[in-house]
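> Take this sequence and fold it.
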Amino acid sequence: MNARATPAHGARPSRLAALDPIAPGTPLLSARALTKTYQVGDVRIEALRGLDFELRTGELVVLLGASGSGKSTLLNILGGLDRPSSGAVRYRDQDLTQADERALTAFRRRHVGFVFQSYNLISSLTARENVAIVTDISQNPMPPEEALERVGLADRLDHFPAQLSGGEQQRVAIARAVAKQPSMLLCDEPTGALDSHTGIRVLQVIRGINRDLGTATAIITHNAIIGAMADRVIRLSDGRVVETRINHAPRDPADLDW
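Residues are numbered from 1 along each chain as shown. Presented below is the predicted three-dimensional model:
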């Protein structure tokens, strides 16, 4: 890797360097001693309280916790959508907490795919066009048609969101997230708006992306059953990690039921 100039004291680097591929199982994203505090009127809310986290290449992690446990706050910070009050987040050897907004935008664009509970599709665009929004600004994207085929929607390329079921819309959102070929996929309650049958189909797609493309994947959910499909399960409560469990034999999502 080429040497990088060190920014002046107090300055944030304007960009993050391009990185070479790394082997599966190598730490990809790490957070140390994260805190996040919000002030709402006279009330001080501690969303994260000294939390540590690590995501490795190729693994699938499920973060469990009730509403208010800090799951979404953590995911937003890991994905460069928010900054911690204190602590450090590193993507490989690069310090995201010292990156400026331009660098964080480049980080999200190049390395992170987001999937949210709401599908966030543009109603006036077809499935193919919704995915092309991302591929048109990505450095090394897969064609929208290939991304949609990976999520089982090769026959829905020219359908508009209103012509798709909720599960199909979520799969379009997943195709959009993975079409830029990110190194990690961050999923915030991806099955929260779906019935169990449809949710399991969506989880199968996410697991397939993780296994077939080697995309490091983190899923946050309040549904403990989903943890059975993970390589690791991390339980959060009151902004802290209270349990970490390794699954030596992760279950296929098709075997889950809730």
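
> So the spatially most central residue of the chain: helix, strand or coil?
For the chain, residue 186 is the residue whose C-alpha lies nearest the centre (CA atoms, centre = their mean; 0.8 Å). Taking DSSP: H, G, I helix; E, B strand; the rest coil as the rule, one finds residue 186 in the strand state.

> Tell me, what's the model's pLDDT at it?
Looking at residue 186, its pLDDT stands at 98.

> show me where the stretch 51-200 of the chain has helices.
Along the stretch 51-200 of the chain, the stretches classed as helices by DSSP state H, counting those that start in this stretch are 71-78, 101-111, 127-135, 144-150, 166-178, 196-213.

> Report the mean confidence score over the longest one.
What it means is helix 196-213. For helix 196-213, mean pLDDT rounds to 96.

> in it, what's buried?
If you call a residue buried by 16 or more other CB atoms under 10 Å, then helix 196-213 has these buried ones: 198-207, 209-210, 213. All C-beta spots, glycine's among them, are computed from the backbone N, C-alpha and C.

> Please work out which of the helices of the stretch 51-200 of the chain is packed deepest.
Between the helices of the stretch 51-200 of the chain, helix 166-178 has the highest mean count of neighbours, a mean of 25, where neighbours are mean count of other CB atoms under 10 Å.

> gap between the two ends of stretch 73-87?
The first and final residues of stretch 73-87 sit 14 Å from each other (CA to CA, to the nearest Å).

> swap in stretch 49-65?
Note: stretch 49-65 ends 15 Å apart using CA to CA.

> For that stretch, what is the distance to the chain centroid?
If you compare the mean C-alpha spot of stretch 49-65 with that of the full chain, they lie 11 Å apart, counting by CA atoms, centre = their mean, to the nearest Å.

> go on, stretch 25-39?
Computed by CA atoms, centre = their mean, the separation of stretch 25-39 from the middle of its chain amounts to 14 Å.

> List the buried residues of it.
28, 29, 30, 31, 34, 36.

> which residues sit against it?
Outside of stretch 25-39, the residues that reach it under the criterion CB atoms under 8 Å, 6 or more residues apart in numbering are 22, 44-59, 70, 73-74, 77-78, 82, 84-92, 183-184, 216, 239.

> Show me which of those residues are buried.
In the contacts of stretch 25-39, burial by neighbour count holds for 47-48, 51, 53-59, 70, 73-74, 77-78, 84, 87, 89-92, 183-184, 216, 239, counting by 16+ other CB under 10 Å.

> Take those and keep only those in strands.
The members of the buried ones among the contacts of stretch 25-39 that map onto strands under DSSP state E are 47-48, 51, 53-56, 87, 89-91, 184, 216.

> circling back to that earlier point, please identify which of the buried residues of stretch 25-39 is nearest to residue 162.
Of all the buried residues of stretch 25-39, the one with the least separation from residue 162 (CB to CB) is residue 29, at 36.1 Å.

> host element of the closest one?
Using DSSP states H and E, the element containing residue 29 is strand 27-40.

> Quick check: phi and psi at the residue lying farthest from the centre of the chain.
Using CA atoms, centre = their mean, the residue of the chain lying farthest from its centre is residue 42. It sits 32.6 Å away. Geometry field for residue 42 lists phi and psi as phi -90, psi 0, criterion degrees, to the nearest 10.
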